[in-house]
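Trainee: need the 3D shape of this:
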Amino acid sequence: MEFKTPEEIYREMSDEDIILIAYQPEGIKLEEIPIIQKELLHRKKEEEAIMLSEYLIAANSKANLAHLTDDELRQYINDRFQQGESIDAIRLDLKESGINIFDIIEAENKQRDEAFDYITDLKQKGLDDYEVDSKIKEKYDLQQDEVEDLHVQRNKSGRMNMVFGVVVVVVALILLPGAIEYSNRRFAGAICLVAFGAWQVYYGYQKTR
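Mentor: Have a look, this model is predicted:
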């Protein structure tokens, strides 16, 4: 059986077949794309050659995503947000690279909440703002502007906790008289709601200090 090089294979293809590859290149090895482009240009099929260039750029970009660190992925997502792209478009691109955007968001939220609690713990130990910032920079490898942004996010999160807690307490207190008359179980549930709401207010207050 005669062995043929990729160059020979694509050279012997009809115009229709090689143009079809340009429109549907998904099954082609990336290293063969430049060979196909060369053949297309030889046949004066510049538009199809350009299409393959765009496909090659997109394919390399997706392949590179899989090798990014979590921090680099977050930066990549933020950059695309800044450019006005929708969450769905970004999610689909990441999905094609085997990356779940919601896993990244969940991990980021978890790390952020851990940082909030760490700041609260440091403040409760009596450290001043300069010492707290130094500890945060060291632990999370952040710059000063990132630390300041973290404080703003923590304060905002604390206010949200407080508002949520107050709403829960108010609702529980409204339900309390009826719960007392209805059953001990409902009364206990209303008391738990009051306690939960109060804890949210306290937790939020600690974040805003």
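Trainee: what is the longest helix anywhere in the chain packed up against?
Mentor: For the chain, the helix with the greatest residue count under DSSP state H is helix 144-182. If contacts are counted by 3 or more CB pairs under 8 Å, 6 or more residues apart in numbering; DSSP states H and E, helix 144-182 sits against helix 101-124, helix 129-140, helix 184-208. Quick note: C-beta positions are derived from backbone N, CA and C, even for glycine.
Trainee: do that again at 6 Å, thanks
Mentor: Under the contact definition 3 or more CB pairs under 6 Å, 6 or more residues apart in numbering; DSSP states H and E, helix 144-182 sits against helix 184-208.
Trainee: what pLDDT, on average, does the helix it packs on get?
Mentor: The pLDDT scores in helix 184-208 average 82.
Trainee: I'd like to know how many residues surround residue 171.
Mentor: Neighbour count for residue 171, taken as other CB atoms under 10 Å: 14.
Trainee: let me fix that, I meant to ask about residue 51.
Mentor: For residue 51, the tally of surrounding residues (other CB under 10 Å) stands at 17.
Trainee: which of the helices or strands spans it?
Mentor: With elements taken from DSSP states H and E, the one containing residue 51 is helix 46-65.
Trainee: next SSE after that helix?
Mentor: helix 70-82.
Trainee: now do that next one: distance to the chain's middle.
Mentor: Put simply, helix 70-82 sits 7 Å off its chain's centre (CA atoms, centre = their mean, to the nearest Å).
Trainee: for stretch 157-173, same thing?
Mentor: When distances are taken as CA atoms, centre = their mean, stretch 157-173 is centred 28 Å away from the chain's centroid.
Trainee: mean confidence score for the helix holding residue 51?
Mentor: Across helix 46-65, the per-residue pLDDT values average to 76.
Trainee: state whether residue 19 and residue 47 are indeed in contact, as I suppose.
Mentor: No. If you go by CB atoms under 6 Å, residue 19 and residue 47 don't touch, sitting 9.5 Å apart.
Trainee: from residue 41, how far off is residue 5?
Mentor: 18 Å (CB to CB, to the nearest Å).
Trainee: residue 90 now?
Mentor: Relative to residue 41, residue 90 is positioned 34 Å away (CB to CB).
Trainee: rewinding a little: if you count surrounding residues, which of residue 19 and residue 47 has more?
Mentor: Neighbour comparison, residue 19 and residue 47: the larger count goes to residue 19, with 17 against 10 (by other CB under 10 Å).
Trainee: secondary structure class of that one, three-state.
Mentor: helix (DSSP: H, G, I helix; E, B strand; the rest coil).
Trainee: switch to numbering from 58
Mentor: Sure thing, new numbering starts at 58, so read that last one as residue 76.
Trainee: who's in contact with it?
Mentor: Contacts for residue 76 (CB atoms under 6 Å, 6 or more residues apart in numbering) come out as residue 105.
Trainee: buried set for stretch 204-212?
Mentor: Applying a neighbour-count criterion of 16 or more other CB atoms under 10 Å, one finds 204, 207-208, 211 buried in stretch 204-212.
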